[in-house]
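> How does the following fold in three dimensions:
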Amino acid sequence: MIREIIQINSFLTFIIGIILNTLLIVLVLNKSSPEMKVFSHILLQTAFTDLFMLIINLVTQPIFTFDGDANIVVLNSPFNTNIIPKDILLAIWDNCLLFSIFSQAAQFIYRYLCLNRNSNITSFQYFFSMFGIVLPLDFILSFLLYITGKPEKSDQLCCNNSALIEILERNGTNIEPILLAQKGNTLIYSFVWLLISIFVLFAYLIMLLSARAMSLHVRLKLKVDTDRFIEINQQLTLNIIAYLLLPLLTLIPIWITCIFTLANLFSQFSSPWILQFLMLLRLPIPWIIFNPIVTILTLRHYRKAFISLIFNTSGSDSVVPLNTFTVGMQRNNTNNNTITR
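Numbering: from 1, shown residues only. Prediction:
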């Protein structure tokens with residue numbers, strides 16, 4: 001039943017995620033104002049990253065669990081073939097996962113620099129830092145996980161735990177054995193997971209501190225009493241909170257996996273309940289669906305276009321985007337600062 005639940009979840013996530021991210025791409029390409037040039041590029045980067053993650057998740061569907069003293073990963077997808085080794089597929093999945101997390105932190109840094117420091121960051125500068133810093137970091141961490149968790153040729157079959165075999169419904173009636181994509185029972189493997197968890201925690205702290213600084217900046221330093229500013233302030237705060245809470249859907253399972261990986265070195269988990277809990281804990285990436293939903297709902301410019309598209313009504317394109325808005329910094333109209341989310 002566990003394998004069926006994960007497969008159904010993966011298929012539903014794939015279908016819904018493809019529809020929502022494609023819709024977001026269409027909205028960004030057709031409904032973005034000129035002031036949102038850089039931020040629209042970031043939205044496109046996030047959407048295309050999510051689309052790639054949807055595909056790699058559908059062809060892998062990793063299941064994380066324990067077999068004796070070893071932390072193991074098996075690939076549950078019916079599309080698995082032997083053309084690409086399973087450990088390579090999982091390494092690609094790990095890389096995409098980490099890139100999605102760290103790129104969200106990079107977006108918070110971008111919004112902080114534009115809003116609080118009034119920095120004029122070009123698309124080239126943003127993507128250079130993204131693919132020159134974030135992507136290599138993802139590759140190094142996923143490569144370390146690949147090296148320390150690569151199963152030996154003589155130790156690629158699952159599983160030794162009878163409860164695990166029963167959960168995976170491999171009771172001898174299935175002809176094809178389950179091959180491991182990852183197996184780690186060493187202190188080095190656990191240390192790599194701990195290192196990944198530290199980097200993930202650091203990324204979330206960046207998001208938390210950036211969100212706090214942006215909120216204080218808007219509330220305390222911009223002394224404007226217009227209805228437009230109050231409305232924008234409220235919706236910007238909602239947008240920041242949504243993007244701050246969303247990564248927790250992924251970070252918490254990663255931290256729990258790290259804790260159980262370390263604990264399993266000293267006390268081997270064999271309870272079917274614990275094994276099933278760990279298998280279901282890492283269900284396919286919920287932010288792939290929630291990313292476009294949050295973007296459309298919190299950015300009124302896109303929300304109005306979405307409603308207009310669904311109900312076939314004419315929406316106004318003159319709405320000021322919530323991510324790029326102009327607020328008068330002085331009582332006279334001689335100075336305006338453009339603040340970009």
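> Point out where the stretch 201-341 of the chain drops to low pLDDT.
For the stretch 201-341 of the chain, applying pLDDT under 70 flags the ranges 221-240, 270, 282-287, 313-341.
> Pull out the buried positions in stretch 129-141.
Of the residues in stretch 129-141, those with enough neighbours to count as buried (16 or more other C-beta atoms under 10 Å) are 130, 134, 138, 141. Using the backbone N, CA and C atoms, a C-beta is placed for each residue, glycine as well.
> For it, measure first residue to last.
18 Å (C-alpha to C-alpha, to the nearest Å).
> And stretch 291-308, by the same measure?
20 Å.
> Which members of the buried residues of stretch 129-141 occur in helices, if any?
Members of these lying in helices (criterion: DSSP state H): 138, 141.
> before we move on, what SS does the spatially most central residue of the chain have?
Nearest residue to the geometric centre of the chain (C-alpha atoms, centre = their mean): S100, 4.1 Å. With DSSP: H, G, I helix; E, B strand; the rest coil as the basis, S100 sits in helix.
> Check A181 too.
strand.
> just checking, it touches I84?
No: judged on C-beta atoms under 8 Å, A181 makes no contact with I84 at a distance of 10.9 Å.
> which of the two has more neighbours?
A181 (27 against 12; other C-beta atoms under 10 Å).
> Name all residues that make contact with that one.
Applying C-beta atoms under 8 Å, 6 or more residues apart in numbering to A181 gives the contacts 60, 62, 73-75, 86-87, 89-90, 151.
> Can you lay out these as JSON lines showing distance to F11?
Shown next, in JSON lines, are the contacts of A181 (distance: C-beta to C-beta, whole Å):
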{"residue": "T60", "distance to F11": "13"}
{"residue": "P62", "distance to F11": "15"}
{"residue": "V73", "distance to F11": "20"}
{"residue": "V74", "distance to F11": "18"}
{"residue": "L75", "distance to F11": "15"}
{"residue": "K86", "distance to F11": "20"}
{"residue": "D87", "distance to F11": "24"}
{"residue": "L89", "distance to F11": "18"}
{"residue": "L90", "distance to F11": "19"}
{"residue": "P151", "distance to F11": "27"}
